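Student: what's the 3D shape of this:
(2 chains, ligands or ions: 2)
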Amino acid sequence: MALALNVNGTSYTVDVEPETPLLWVLRDNIGLTGTKYGCGIARCGFCTVHIDGQATKSCQTKVSAAVGTRVTTIEGLSPNSTHPVQVAWIEHSVPQCGYCQSGQIMAAAALLAKRARPTDAEIDEAMADNLCRCGTYIRIRQAIHRAAELNAR
Amino acid sequence: MNQINVTRREFIITSAGAAGGLAIGVFLAPVANAAVVNPMPWQSPNDKEGLELSQWIVIDPSGIITVVQPHAEMGQGAMTSTAMMLNEELQADWKMIRVQYADANRHVLNNELWVTMASGGSNVVKARHPHIMQAGASARERLKEAAAQTWGVPRTEVTAKDSILTAGNRRGTYAEFATRAAGIKLAEEPKRKTPEQFTFLGTSVPRLDVPLKVNGEAKYAHDIRLPRMVYAAVYANPVPWGGSPKFDFNAIKNRPGVLAAVELKAVAGKRGIADLQNGVAVVADTYYRAKTALDLMPIEWDYGPNAAMSNQTLFDTAYKKLGEKGAVRKDDPAALAAIAAAPADKKVGGDFHRPYEAHARAEPITTTVDIKADGTVDVYVGAQNPPAVMTAVVEQLGIDPKNCFVRRQFLGCGFGSSSGTFAAKQAAQVAKEVGRPVKLIWSREEDIRNSKHAPAYAARFEAAIGADGLPTAIFTRTFGANSSDNTITDMPYEIALRHHERHSDLETAHIPITTHRAPGTGLVGFASEQFIDDLARKGGWNPLEWRLAMTKSKRDYQIVLNALKAKAGYRMDLPRGEGMGVAVVESHGTIAGAVATVTVSRRGQLRVEKMVLALDSGHVINPLNATEQVEGSVVFGLAHLMGGGLEFQKGMVANSNFDTYRLLRIGDMPTVEVHFALSGGEKWGGLGEPGVPPTAPSVANAIFAATGKRVRSTPLTLHDLSWA
Ligand code: FES
Ligand code: FES
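Tutor: Numbering: from 1, shown residues only, chains lettered A, B, ... in the order given. Ligands and ions are numbered 1, 2, ... in the order given. Sure, this is the predicted structure:
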């Protein structure tokens, strides 16, 4: 079934089963591989994208539900890594293996869009589903605070 | 299907901007060719883009210097560490350094050209710095010699710095002299710098791969896309080494995109870590279609003779064995006699155990195999030991090693190198049967079920205490695999009489095992450092002072323990429900001590508040990256204390995904303080793992201090920590 998607401001038409998770459409059909698979059951957050600005786990989102929305992936968060979250991530040297980080960054960016100055507790709550097996949590917290500061400028 | 369009230069990662410190904006200028996937990440004979000075170094006319390095980048910073070590000697302009993976094929066919490609055991800095630094020193001296010959001056008058050669008022770049240098063979290899002479190593340098990991640009094996590529989803028999599946492909073959089902067959008598297990793969034009069809395909398994095993039977056996004499590894009848003779109030004993653990790498195991018309085979993989992948594929396909190429990618974690070889055989077999490039992906469920686990463990301790409250004799007996048993026999504490036995039953069990992040020392440390806590307390000692007293002749233990004492504020007089615990474990050449602070609510809710670590790795080449590695090691240690824990039932793993194999989340993250207390000299220890082993026992000891409850096993989710 042909479905029309808007991803990072570009229109795509994909011919897939409507129940296909958005994650796999992004990766296998469209070729945007920055969004990662980690669990498929909404328990790792690696697949986090924005749908109309909301952090959403694309492994649990049917592609049909994304029709008519604005989907943003890590590739579309900013040109040249200029989003404050990306800048702060580099400053605090957050990524290790990096595999979880697209999801972390998308979740953090959505949090900051809602809460300009989140507390540690709010960060922990918003990021609770985002696993990092390398263990970069301390730096994720620091970098979110830093991004909030950069945003305020 | 979209396809990647790759060129040779795209693989290389760049340091441009990275040397500018942490200033904002420094990374914002786009750097040409800074993408990261390349099917040819090495110099081919036709490569005219740069001049190879040695297998380690390519200098191109624009002055870009490519460090061709053998080690896997799995988040531990190998690319940056290697380039830093090399450049300490080479003295090139850091901004012009690029890093690329060395070619496994060239390595294997040329008598191990890079000495080793394996990345594990925290070895990159610890074991490889002599080779890597020598390569840099040698190249620098050849460049100087080239300038000296051109200018007619002695080499000693030429200086090399920031890619510039100078002698008096003469000046030239490395690139200008690269061609001449390539033809120079030094009469004598230069001496490497000693640590006192380092100017670059020891400074905090941003990791080169970080900018690629904030925008989705870094490519992992999971991200490979090739022309005509199809996807495979796979089940291996959930009971390892069980029989062949009976499956009904007709039931799914009309589903959209489905192309084939391929049976994977174990080879009788072959039970190596890389060997195929019986299983079945379904191939389709997308992964989702392959996975969905596989899930829907009726499969009947023959589970074979091991289907009765469970954690219950495992630990029943373990404790039975702990009661029986094992293989004697350290024989001291006097130790046994002293313990037997000690009165009850001068005797301490304790048993501990831990379950099997999965690796649960962030990136589920993925391998792409492309068998090409010309007979060559490309294997796209994130491998800790690429030559082992090459061997596996060569064996599976029966091809000449010279035709097998491992296209190395970034790894989404490592933690043990072996699963990739098994998956590479699966992918190779499927690719052969379907006649197209195949990307084979393990679902997370398959990844947790079949990851070649870290082995379970059990240990028994007994000791006798002398008049001064310090132990006089210790007896230990372990059950598990052999890994790091010497951590017990070589326990640093100066106990006069020691006897040790072990049972190595798990080495031959049906569950394939491999390494983990600090596998053996993590198991031993969990048990022994809690026993030591009991031993110290029973003797009336402060456990930190006990450790200082029992390692008096060991300078580096004293350095670490004194640093902990100074930094951690260890105390034993906290109110009930609060506690501090200490542990120290040596692994990978590094001594790591930890002090944990916890609170435990009356109802048993644990919160790890703070971890303070002190480590002696001899030297630290990049404090920023080293600190990150220790922070990550703490998370790993906590993850497998507070969660994790494979539960076997009916011979197979009952946990399925991150809902039932639970790992540490941000909300459980304590603050972490890392202190390097370095003894220097000849000592070079690793840092990717040593933070792991002291973490769990220090927290367990803190829990004991808070509640009086001894943590005899993991995961803590199975324990009641409530207190009244
Ligand atoms: S893949 Fe979507 S949350 Fe894990
Ligand atoms: S950086 Fe490796 S999993 Fe988060």
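
Student: so is the longest helix along chain A next to chain B?
Tutor: Looking across chain A with DSSP state H, the single longest helix is helix A:137-152. Yes: legend: contact between helix A:137-152 and chain B by Cβ under 8 Å from any Cβ of the partner chain is shown at A:137, A:138, A:139, A:140, A:141, A:150. For the C-beta atoms, the positions are set from N, CA and C on the backbone; glycine is no exception.

Student: take these and lay them out in a markdown table including distance to residue B:393 and pLDDT.
Tutor: Output for the residues of helix A:137-152 next to chain B, formatted as a markdown table (distance: Cβ to Cβ, whole Å; pLDDT from 0 to 100):
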| residue | distance to residue B:393 | pLDDT |
| --- | --- | --- |
| A:137 | 37 | 98 |
| A:138 | 39 | 97 |
| A:139 | 37 | 98 |
| A:140 | 37 | 98 |
| A:141 | 42 | 98 |
| A:150 | 47 | 97 |
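
Student: out of those residues, which is most surrounded?
Tutor: Ranked by the number of neighbours (other Cβ atoms under 10 Å in any protein chain shown), the residues of helix A:137-152 next to chain B place residue A:137 first, at 28 neighbours.

Student: and that residue, what does it touch?
Tutor: Applying Cβ atoms under 8 Å, 6 or more residues apart in numbering or on different chains, we find residue A:137 in contact with B:635, B:664, B:665, B:666, B:669.

Student: redo those as JSON lines? Include secondary structure and neighbour count.
Tutor: Formatted as JSON lines, these follow (DSSP: H, G, I helix; E, B strand; the rest coil; neighbours: other Cβ atoms under 10 Å in any protein chain shown):
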{"residue": "B:635", "secondary structure": "helix", "neighbour count": "28"}
{"residue": "B:664", "secondary structure": "coil", "neighbour count": "25"}
{"residue": "B:665", "secondary structure": "coil", "neighbour count": "22"}
{"residue": "B:666", "secondary structure": "helix", "neighbour count": "23"}
{"residue": "B:669", "secondary structure": "coil", "neighbour count": "23"}
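
Student: which of the residues you listed lies closest to chain A?
Tutor: Nearest to chain A, judged by Cβ to the nearest Cβ, of the contacts of residue A:137 is residue B:635 at 2.6 Å.

Student: the closest one touches residue B:664, doesn't it?
Tutor: Yes: with contact defined as Cβ atoms under 8 Å, residue B:635 and residue B:664 form a contacting pair (5.4 Å).

Student: ok, and which of the contacts of residue A:137 reach chain A?
Tutor: The subset of the contacts of residue A:137 within reach of chain A, by Cβ under 8 Å from any Cβ, is B:635, B:664, B:665, B:666, B:669.

Student: which one is the second one nearest to, not counting chain neighbours?
Tutor: Among residues not flanking residue B:664 along the chain, residue B:639 sits closest, at 4.1 Å (Cβ to Cβ, 6 or more residues apart in numbering or on different chains).

Student: residue in the stretch 151-300 of chain B with the shortest distance to chain A?
Tutor: Closest approach between the stretch 151-300 of chain B and chain A, counting by Cβ to the nearest Cβ: residue B:216, at 2.1 Å.

Student: residue contacts, that residue?
Tutor: A:32, A:33, A:34, A:35, A:73, A:74, A:75, A:102.

Student: do the same with residue B:214
Tutor: Contact analysis of residue B:214 by Cβ under 8 Å, 6+ apart lists A:81, A:86, A:89, A:90, A:94, A:95, A:101, A:105.

Student: isn't residue A:52 right up against residue A:69?
Tutor: Yes: Residue A:52 lies in contact with residue A:69 (Cβ under 8 Å); the separation is 5.1 Å.

Student: okay, these two: which has more neighbours?
Tutor: residue A:69 (18 against 11).

Student: wait, is that one part of a strand?
Tutor: No: counting by DSSP: H, G, I helix; E, B strand; the rest coil, residue A:69 falls outside a strand, being coil.

Student: so what's it up against?
Tutor: A:6, A:51, A:52.

Student: before we move on, what about residue B:92?
Tutor: Residue B:92 touches B:65, B:162, B:163, B:174, counting by Cβ under 8 Å, 6+ apart.

Student: I'd like the distance between the last one and residue B:156.
Tutor: Counting by Cβ to Cβ, to the nearest Å, the gap between residue B:174 and residue B:156 amounts to 18 Å.

Student: tell me which of the two has more neighbours.
Tutor: Remark: of residue B:174 and residue B:156, residue B:174 carries more neighbours, 27 against 9, as counted by other Cβ under 10 Å.

Student: need the pLDDT of the more buried one.
Tutor: We note a pLDDT of 97 for residue B:174 in this prediction.

Student: check the one 3 residues further on too.
Tutor: What the model reports for residue B:177 is a pLDDT of 96.

Student: so which residue is smack in the middle of the chain?
Tutor: No chain in the question, so chain A it is. In chain A, the centroid-proximal residue (Cα atoms, centre = their mean) is residue A:106; its distance is 2.9 Å.

Student: wait, chain B
Tutor: Mean-position check on chain B, Cα atoms, centre = their mean. Result residue B:415 at 3.6 Å.

Student: is it in contact with residue B:358, as I believe?
Tutor: No: checked against Cβ under 8 Å, the pair residue B:415 and residue B:358 is beyond contact range at 9.4 Å.

Student: poorly predicted segments of chain A, please.
Tutor: Within chain A, no range satisfies pLDDT under 70.

Student: if we go to 90?
Tutor: A:1, A:153 (pLDDT under 90).

Student: how is chain A divided into domains?
Tutor: For chain A, automatic domain parsing gives the domain ranges A:2-76, A:84-152.

Student: distance to ligand 1 added to those, as JSON lines?
Tutor: Formatted as JSON lines, those follow (distance: least, Cβ to the nearest ligand atom, whole Å):
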{"stretch": "domain A:2-76", "distance to ligand 1": "3"}
{"stretch": "domain A:84-152", "distance to ligand 1": "7"}
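
Student: residues of the stretch 101-250 of chain B that sit close to chain A?
Tutor: Within the stretch 101-250 of chain B, the positions lying close to chain A (Cβ under 8 Å from any Cβ) are B:206-207, B:209-220, B:222-223, B:225, B:231.

Student: briefly note if the host helix or strand of the residue nearest to residue B:664 comes near ligand 2.
Tutor: Using DSSP states H and E, residue B:639 sits in helix B:623-642. No: for a cut-off given as Cβ under 6 Å from any ligand atom, helix B:623-642 has no contacts with ligand 2; the smallest distance is 8.1 Å.
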